[in-house]
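Engineer: Whatever this is, show me its structure:
(chains A and B, ligands or ions: 2)
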Amino acid sequence: MTGLANSKGLETAEKYYTQYGARATELKKEGRKVIGYMSALAPVEILTAAGVVPVRLKGFVDEAITKGDAYMESIICPFVRNAFDAAIKGRFSFMDGMVLPHQCDSIDRTNDVWSSYLNLPYWHFLNVPHVTDDPSIEFMKEILRVFIGTLEKFLGTKITDAAIAQAIKAHNENRRLMRGLYDLRKSNPPLISGVEMMKVLVAAMSIPVDESSALIRGITEDVKKRTAPADGNRKRIMIIGDQIDHTAIPESIENTGAWLVADDLSIGGKIYWPEVDETADPLQGIAERYLRKLKIPTTFVGDGNTYEENLEARFGHLKQRIAEFKVDGAILFIYKYCDPYGFEVPAMKSYIESGGTPVLYLEDEYSTSTLARVKTRIEAFLEMIA
Amino acid sequence: MAEEKKGRAVATQTAARIPKFVRGNLSATLKAKEEEKKVAKAFIADGQDEIMRAMDIVPAWGESFSGVCAAKRDAEKYLQKAESDNFSRSLCTYATCHIGFEMIREEQGGAMPEGAPWGGMGRPDMILGNGQLLCDPRFKWPQALQHYLKDVPVFITNMYYPPWDPNTDHHEQEKFYVKYCTEELRETVKFCEKVTGKKMDWDRLAAVVELSDKTWDLFVDTYDLRKAIPTPMDTGDAMNTMVPLTFNLGTQEAYDFYVELNSELKQKIAGGIGVADPEKYRLIWAAGLPSWFALNDFQYFNSKGAVFPVEVTYRGCEKIERLDLPKTNDPLEHIAWRWVRYWTHWYDAARKRHGSTPKVERIIEYIEDYKCDGAVFHSAFSCRSWHAGIINQADVLRKVYKDIPILIMEGDIVDISSYNEADTHNRIDAFIETLEAYKGKQKK
Ligand code: SF4
Ligand code: SF4
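Structural biologist: Ligands and ions are numbered 1, 2, ... in the order given. Alright, predicted model coming up:
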């Protein structure tokens, strides 16, 4: 593998990764509205259908929190605090508004904090339910209608079912393309590194879906042409967690002599596998994807007849991905103060281990200041599984 | 919450009856097997109390169990047990304390862990949760618990209320929220019927709901008596007297308890008996669960002449009339309306005061009604639900109301390792000085 230099697409991804929001800023100058959002639960199809530029907020792992602590308690998950700190410092000054989906307490309980201090022209809290039964799907459709109504009012345009259906197609296509790029990590060694992939994933969440698809297509073509060096002895690692949106952790893994070949992150594997079914009422398909298909711990899954059945429903996709990507070890990287992921650790760890894959569980901050400790733990893990 | 050895001496005789209530709730879970009743591990403020009471399901309150362990300063062994299986110390400590306890019991083949407070809590036959807006542990704790109690079925329902948005009228949305809540409650009934093998007696449920409404009204009327100067009861006692409302809603005992408390408070008012003598400063406990291991701090406040005639915490009810609930013959729909309106009935007031929020509006209302001079918040590190957003509440309160003295204390509900008594007292002393200066300025 020769790195980013041999692909124009990867250079663009690098640019959007290092200058996060650069494209949104350009588009804003051209008169487009930009709506920021948090978490895998924001229905990007609706934002795309509305004609706005959706930009997912991220943190900046090597920046200390300097302003946010005056507004937001330290008992909030460090990722949310870091992203909020970035927002309050003006890192997302291109935003005309934001949608904050109800994912977890760290987001729900800070809704007033975000809305009152950012003071954006448009604000919406999307009350996504935690359970997935039929009444919850109907409820989800209701809150999507309310969301659409507020967006229409803000933008002064109608968001038609046809536009939503078209956006669904575009996002499904985008997901297929990204999965195609993931496929190039299945070889040994992978054709695209974990560090490069992270940059693509981050770039993709900051640009309109059609641009993202073009970018991924270009990168895939370039990467396919690569000839992989004969370096098949490295361990193949998968990382699991919520929003890890920087290269520091992939670098820690790959600089230690392993490949990061797969992930179940909320900006990666979690969102690129499930698609939206093209249903007569487009909101039906959207509600079903976000409630029933997304595998995130803030959605309660538990209608199996036995505990084992529930585990399969919750974590079965992890075993599949471990097999497909020939993963030798999994790292659970969980942020401190994150109840949804934190309460899953014993069950998820033992589930993955029961399939013969060793697991390293790390609880940490969202900061490079603690990286030395993380690196030491990863090194020890890799030695253990060598 | 009831406390033993290290706890605070209660100011009212009625509150002194609370340990018996808590012990009674725990022992009911232990006796349930003999009485052929099912036990449900359940959560407070989940809207499921009345369904359980009407179906003779005995609630096993995890929060109460962990609170008792904390009050006895005996939670560490359970917290460590949970930690040994990778539950982080930053998670809700009510949950990790209880999970640690259940882990030990399972390892012992079902034998009660030695030294479990007041004989411990019975093993549940089912686990009920509610993925509502109150907190993540309300659905993650049940799921995590099932990892150790694999044979115990879990049911999670979902009851939401319209989120606060100053630019959106919530009234329209209430209807579909209530519809959703009602359907979810119906699913809860179906699940309980399956586990108990008994059908819901709908007339009985209606009677239980009626009794709950009466209890809500009586609770508010009784607590309103604390408006008297000097106040006959403060938050230190209210952390006890909340038990019947919070853990025994829908029972006659709960109602009778407030009848008794009501009459005791009236007697105290007639005799001019206050919590502090003299009463110098009136404070609102504006948010936060207390440190159960340090309820003595309320007495420390009292010793400085500071009293808390009102608190937001555990005041989980409102006068039914004020909620203006639409008429319905369906008790589940009634519960749903009561739930939704309990949260939304502060929205209109908040919308009228630019920059305000419903949480702050509620604090302002209490400050005015109870004539408070300052506000105290407690920020417990392991519970984001009640404790995230406190800085914002304090800030908004100052901006939209007035610059009253505010103290934000930091600690936890169960984990004593975060607590230092001397530091806490120093902070209270400094706050009292601020209050004194503030009152001096007000007089001028
Ligand atoms: S890491 Fe956990 S607490 Fe933080 S935003 Fe994600 S789900 Fe919420
Ligand atoms: S997180 Fe807070 S509200 Fe939820 S169970 Fe724990 S202490 Fe209670």
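
Engineer: Tell me where the stretch 251-386 of chain A has strands.
Structural biologist: Per DSSP state E, counting those that start in this stretch, the stretch 251-386 of chain A carries strands over the ranges A:258-264, A:329-335, A:359-364.

Engineer: Check the offset of the second one from the chain's centre.
Structural biologist: Here the centre of strand A:329-335 is set off from its chain's centre by 15 Å, with Cα atoms, centre = their mean, to the nearest Å.

Engineer: Tell me if I'm right that A:T279 and A:G285 touch.
Structural biologist: Yes: between A:T279 and A:G285 there is a contact at 4.0 Å, judged by Cβ atoms under 8 Å. C-beta coordinates here come from the backbone N, C-alpha and C atoms, glycine included.

Engineer: contacting residues around residue 307?
Structural biologist: You didn't pick a chain, so chain A it is. The contact partners of A:Y307, taken as Cβ atoms under 8 Å, 6 or more residues apart in numbering or on different chains, are B:146-147, B:150-151.

Engineer: if you could check chain B rather than the one you did, that'd help
Structural biologist: B:230-231, B:234, B:274-276, B:279, B:281-283, B:301.

Engineer: Let me know the closest of these to A:Y16.
Structural biologist: Taking Cβ to Cβ as the measure, A:Y16 lies nearest B:L283 of these, at 51.9 Å.

Engineer: Pairing partners for the helix or strand hosting that closest one, with directions?
Structural biologist: Per DSSP states H and E: B:L283 is located in strand B:281-287. Here strand B:281-287 is paired, per DSSP bridges, with strand B:306-311 (parallel), strand B:374-380 (parallel).

Engineer: Pick out whichever of A:T279 and A:G285 has more residues nearby.
Structural biologist: A:G285 (21 against 14; other Cβ atoms under 10 Å in any protein chain shown).

Engineer: That one and A:V276 touch, don't they?
Structural biologist: Yes: contact criterion Cβ under 8 Å: A:G285 and A:V276 qualify, at 4.5 Å.

Engineer: What mean pLDDT does the strand holding B:L283 get?
Structural biologist: Throughout strand B:281-287, pLDDT has a mean value of 97.

Engineer: how about it as CSV, C-alpha atoms only?
Structural biologist: Taking Å, rounded to 0.1, in the frame of the first residue of the first chain, the C-alpha atoms of strand B:281-287 are listed here in CSV:
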residue,chain,number,x,y,z
TYR,B,281,-32.9,31.5,55.2
ARG,B,282,-35.4,29.7,53.1
LEU,B,283,-33.9,27.6,50.2
ILE,B,284,-35.2,25.5,47.4
TRP,B,285,-33.6,22.2,46.6
ALA,B,286,-33.8,23.0,42.9
ALA,B,287,-32.5,19.7,41.4
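
Engineer: immediately after that strand, which helix or strand?
Structural biologist: Per DSSP H and E, the first helix or strand lying C-terminal to strand B:281-287 is helix B:296-303.

Engineer: Quick one, grab the pLDDT at the closest residue in space to A:K8 that isn't next to it in sequence.
Structural biologist: Closest residue in space to A:K8, ignoring its immediate chain neighbours: A:G218 at 6.6 Å, by Cβ to Cβ, 6 or more residues apart in numbering or on different chains. Note for A:G218: predicted pLDDT of 97.

Engineer: need the contact list for A:G218.
Structural biologist: Going by Cβ under 8 Å, 6+ apart, A:G218 touches A:7-9, A:12.

Engineer: and these as CSV, adding pLDDT?
Structural biologist: Shown next, in CSV, are the contacts of A:G218 (pLDDT from 0 to 100):
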residue, pLDDT
A:S7, 86
A:K8, 93
A:G9, 96
A:T12, 97
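
Engineer: The residues you listed in strands, which ones?
Structural biologist: In strands, judged by DSSP state E, none of the contacts of A:G218 are found.

Engineer: picking that back up, please enumerate the shared neighbours of A:G285 and A:V276.
Structural biologist: A:I168.

Engineer: Assign A:Y117 to helix, strand or coil.
Structural biologist: The three-state label given to A:Y117 by DSSP: H, G, I helix; E, B strand; the rest coil is helix.

Engineer: same question, A:Y20
Structural biologist: Under three-state DSSP, A:Y20 falls in the coil class.

Engineer: and the stretch 51-200 of chain A, which residues reach ligand 1?
Structural biologist: Along the stretch 51-200 of chain A, the residues adjacent to ligand 1 under the rule Cβ under 6 Å from any ligand atom are A:77, A:79-80, A:103-104, A:106-107.

Engineer: Keep only those that also lie close to chain B.
Structural biologist: A:104, A:106 (Cβ under 8 Å from any Cβ of the partner chain).

Engineer: returning to what we had before: which of the contacts of A:G218 are buried? Put it as a PyMOL command.
Structural biologist: Buried residues within the contacts of A:G218, by 16 or more other Cβ atoms under 10 Å in any protein chain shown, are selected in PyMOL with:
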select buried, chain A and resi 7+9+12
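
Engineer: From chain B, how far off is the residue nearest the centre of chain A?
Structural biologist: When Cα atoms, centre = their mean is applied to chain A, the residue found nearest the centroid is A:I267 (1.4 Å). Using Cβ to the nearest Cβ, to the nearest Å, one gets 20 Å for the distance from A:I267 to chain B.

Engineer: wait, that residue sits on A:L57?
Structural biologist: No: contact status for A:I267 versus A:L57: not in contact, 10.9 Å apart, counting by Cβ under 8 Å.

Engineer: helix or strand right after the lowest-mean-pLDDT helix or strand in chain B?
Structural biologist: Counting by mean pLDDT, DSSP states H and E, chain B has its least confident helix or strand at helix B:384-387, which shows a mean of 90. Next helix or strand after helix B:384-387 toward the C-terminus (DSSP H and E): helix B:390-400.

Engineer: follow-up on the earlier one: looking at the strands of the stretch 251-386 of chain A, which is buried most?
Structural biologist: Neighbour counts (mean count of other Cβ atoms under 10 Å in any protein chain shown) averaged over each of the strands of the stretch 251-386 of chain A peak at strand A:258-264, with a mean of 26.
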